[in-house]
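[1] coords below, sequence missing:
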């Protein structure tokens, strides 16, 4: 891929469990963002973490960034059936505004 | 505020025909981006406008694709003539002028070339 790889490609959990998705990238970045996509819809921005940040929280979401390993993780706590979607990480390189996406993780939360 | 809107939501055309996709960004957003997702592949950048100027068009596949943003408001992406490999979902996104801001995406146009 251009930049990011998500792991796992697919994840199935029970409602109430936590879901962890990982992302690795290849080049130096300004920011890393996580997006969610429900089937047939556009990408919804979840959280942005800057290259000088290590962890960020937003509601039930927790994102970590390790620039030395060029990796990030997205943790969704106390998952709900409505969290079922595809999740993508996206990075932007220094000096460019366009985003580079991975192939995404398909999360299924079973009620 | 209204989000990014794209039209049409679906388009089915025959190989060799022309199709024009439209994107209306969030009002006041100077940055407008086009991306494409081909079946089974990752979402890939096509080009970036800052107001009416093309800032980066390094992702445009070939000269059959033409993007415009006259007046710095809405944008169009024309494919002429369409080929089978152009099938996919075309996303538009916009963001404010300052950096470190998230991009807001439309629902995309699903383009099918027969």
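    Great, that's in hand. What you are looking at is a predicted structure, and each value in this text was computed from that prediction instead of being measured.

[2] from residue B:57, how far off is residue A:33?
    For residue A:33, the distance to residue B:57 (C-beta to C-beta, to the nearest Å) stands at 22 Å. Every residue, glycine included, has its C-beta placed from N, CA and C.

[3] need the residues of chain B near chain A, please.
    By the rule C-beta under 8 Å from any C-beta of the partner chain, the part of chain B lying against chain A is B:4, B:6, B:31, B:33, B:35, B:41-45, B:48, B:55-56, B:59, B:91, B:93, B:95, B:99-100, B:102-108.

[4] so which of residue A:33 and residue B:57 has more stuff around it?
    When residue A:33 and residue B:57 are compared for neighbours, residue A:33 comes out ahead with 22 against 14, by other C-beta atoms under 10 Å in any protein chain shown.

[5] list the contacts of that one.
    A:45, A:46, A:47, A:48, A:49, A:89, A:90, A:91, A:99, B:102, B:103 (C-beta atoms under 8 Å, 6 or more residues apart in numbering or on different chains).

[6] pretty sure the fourth one contacts residue A:32?
    If I follow you right, that is residue A:48. Yes: if you go by C-beta atoms under 8 Å, residue A:48 and residue A:32 touch, sitting 7.5 Å apart.

[7] have a look at those two and say which one is more surrounded.
    Neighbour comparison, residue A:48 and residue A:32: the larger count goes to residue A:32, with 27 against 20 (by other C-beta under 10 Å).

[8] tell me who's in contact with the more buried one.
    Residue A:32 touches A:23, A:25, A:48, A:49, A:51, A:63, A:65, A:72, A:89, A:90, A:91, counting by C-beta under 8 Å, 6+ apart.

[9] how much space separates the second one from residue B:26?
    Which is residue A:25. For residue A:25, the distance to residue B:26 - C-beta to C-beta - is 27 Å.

[10] where does the prediction get shaky in the chain?
    Because you didn't say which chain, this covers chain A. A:1-4 (pLDDT under 70).

[11] chain B was what I was after
    Scanning chain B residue by residue, the ranges that satisfy pLDDT under 70 are B:1, B:98-99.

[12] what segments of it are strands?
    Taking DSSP state E, the strands of chain B run over residues B:5-7, B:10-13, B:19-24, B:31-37, B:43-50, B:53-56, B:65-68, B:75-79, B:88-95, B:104-105, B:109-113.

[13] go through the ones you listed and name the closest to residue A:81.
    strand B:104-105 (23.2 Å; C-beta to C-beta).
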